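*Asks:* pasting the structure only:
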């Protein structure tokens, strides 16, 4: 098949340059080759594929372009038969490879895993060919087939249905329904199946969508830059500026080159992510049975958890009553208690805890298991705090303002008398200003004002809690002599 593939490449004009014959194998620039032996000094491994970019007939060496870079293969490595053409390869050698189209030549040794591996390499199409010699019975004599051969498709389907996967001891339990398995066996089987599914490449669909949006934006910029370059190239510059470099055109071409490189990088990244997504889809499709079995195990474990919760709520065991106490009667605390019981039972089932002396056991060492342990522990602590709070009743009472011990009506009358005493009678003021004031009348007026002022201040001291020592308000009228 490699010979026929190379003949097709020669007819298509893909191969150029000299064609030296090294150990019976012809190499030419453009040949697809594969390394068949590890060599740390050269930096190549068994299964590496590349393209010949240069051939040195005198030194009998070739330079090959690999995915990680270029490498020169000397004559010693070539003469040892460590390099072959890669136009066709075995299914095992093609593991991990993704191309547009694949054509697989099968035989009577086909089985399910090998067929899936071969038919999941192509993005656009995958074709399987089976020679007639593998279907027709060419045996003659006493061991010849006594019946007519059946439909070739039926024979092929029978071969593909055969499995050669590694036989594990846990597979012997497949004859027993999952409902009859113990919790430890269910958890072990789920962990094994999840490890198989985790071998798939990560899901990069979100990154692929973001790159597609960036590529569309870059395409619009690229079109605008091309139009700008074409416009500047067709414009007529003034005669006096024609001997000078066109700065605008140079900048436009620079931007065009930059956008072109960015678009090429985005295209390469998109192709890489699409390849990764194709591998992920192929892996998950191939292990769809494992995913279905995980779902079935999760359903059985969910039913086990439900049964444990109902039993723990009806008759709380010691590992529940010790941290949480008996089931409370209040609606709020009962809800918190039941929620904590559900979390505890789910954690015990998921981690296969059989010790009845503790609710969730000691803190595990793993990060993920430790986070789950802390989550259940916090839920238990919150339920304990809510249950331990005493019942509080709120009594609605009418709030009255504090009493100052003062008759507001009497106080208002007293303040009115003080204002009258300070201002004085209008007629008395005119008489005093006209006729003058005698020493006796002035002293009586001052004493009367002093008494009134001191009384007012004592009232204010009782109301506002001020100091007992007050300065009296004194008002005197002075007449001009």
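*Replies:* Arrived safely, thanks for sending. All values derive from a computational prediction rather than experimental measurement.
*Asks:* against which helices or strands is whichever strand or helix holds residue 84 packed?
*Replies:* Residue 84 belongs to strand 83-85 when elements are defined using DSSP states H and E. With contacts taken as 3 or more Cβ pairs under 8 Å, 6 or more residues apart in numbering; DSSP states H and E, strand 83-85 sits against helix 2-11, strand 25-26, strand 32-35. Placement of C-beta: from N, CA and C, glycine included.
*Asks:* check which helices and strands the shortest one sits against.
*Replies:* With contacts defined as 3+ Cβ pairs under 8 Å, 6+ apart, the secondary structure elements packing on strand 25-26 are strand 83-85.
*Asks:* strand partners (parallel or antiparallel) of the strand holding residue 84?
*Replies:* Strand 83-85 pairs in its sheet with strand 32-35 (antiparallel), by DSSP bridges.
*Asks:* list the contacts of the strand it pairs with.
*Replies:* The set of residues external to strand 32-35 that reach it, using Cβ atoms under 8 Å, 6 or more residues apart in numbering, is 9, 27, 44-52, 62, 64, 82-87, 89, 93.
*Asks:* what's the helix ranked longest in the chain packed up against?
*Replies:* Of all the elements of type helix in the chain, the one with the most residues (DSSP state H) is helix 247-286. Taking 3+ Cβ pairs under 8 Å, 6+ apart as contact, the helices and strands that helix 247-286 lies on are helix 205-234.
*Asks:* buried set for the helix it packs on?
*Replies:* Residues of helix 205-234 classed as buried: 208, 211, 215, 218, 222, 225, 228-229, 232 (neighbour count, 16 or more other Cβ atoms under 10 Å).
*Asks:* thinking again about what came up before, pull out the buried residues from the contacts of strand 32-35.
*Replies:* So, by 16+ other Cβ under 10 Å, the buried ones in the contacts of strand 32-35 are 9, 27, 44, 47-50, 52, 62, 64, 82-87, 89, 93.
*Asks:* ok, back up a step: compare the helices and strands packed on strand 83-85 and give me the one nearest residue 178.
*Replies:* Nearest to residue 178 among the helices and strands packed on strand 83-85 is strand 32-35; the distance by Cβ to Cβ comes to 44.7 Å.
*Asks:* and the strand holding residue 84, how far out from the chain's middle?
*Replies:* Taking Cα atoms, centre = their mean, to the nearest Å, the mean C-alpha location of strand 83-85 is offset from the chain mean by 43 Å.
*Asks:* so for it, mean pLDDT?
*Replies:* Here strand 83-85 scores 87 as its mean pLDDT.
*Asks:* with stretch 332-340 instead?
*Replies:* Stretch 332-340 carries an average pLDDT of 89.
*Asks:* gap between it and the chain center?
*Replies:* The gap between the average C-alpha position of stretch 332-340 and the chain average comes to 32 Å, counting by Cα atoms, centre = their mean.
*Asks:* residues in contact with that stretch: which ones?
*Replies:* Counting contacts by Cβ under 8 Å, 6+ apart, the residues touching stretch 332-340 from outside are 313, 324, 327-328, 379-380, 382-383, 386-387.
*Asks:* before we move on, what about stretch 46-57?
*Replies:* Taking Cβ under 8 Å, 6+ apart as the criterion, the residues outside stretch 46-57 that touch it are 17-20, 27-38, 62-67, 70-71, 86, 93, 97.
*Asks:* buried only: go through the residues you listed for me.
*Replies:* Using 16+ other Cβ under 10 Å, the buried members of these are 20, 27-36, 62, 64, 66, 71, 86, 93.
*Asks:* circling back: max pairwise distance over the contacts of stretch 332-340: which two?
*Replies:* Counting by Cβ to Cβ, the most remote pair of the contacts of stretch 332-340 is 313 and 382, 18.2 Å apart.
*Asks:* show me which of the two is the more surrounded one.
*Replies:* When residue 313 is set against residue 382 and neighbours are counted by other Cβ atoms under 10 Å, the residue ahead is residue 313, at 16 against 13.
*Asks:* looking at it, the more buried one is touching residue 327, isn't it?
*Replies:* Yes - the pair formed by residue 313 and residue 327 meets the contact definition of Cβ atoms under 8 Å, at 7.1 Å.
*Asks:* of the contacts of stretch 332-340, which is the nearest to residue 199?
*Replies:* residue 379 (34.0 Å).
*Asks:* that closest one and residue 343 touch, don't they?
*Replies:* Yes - between residue 379 and residue 343 a contact is recorded at 4.8 Å, counting by Cβ under 8 Å.
*Asks:* no further questions, thank you.
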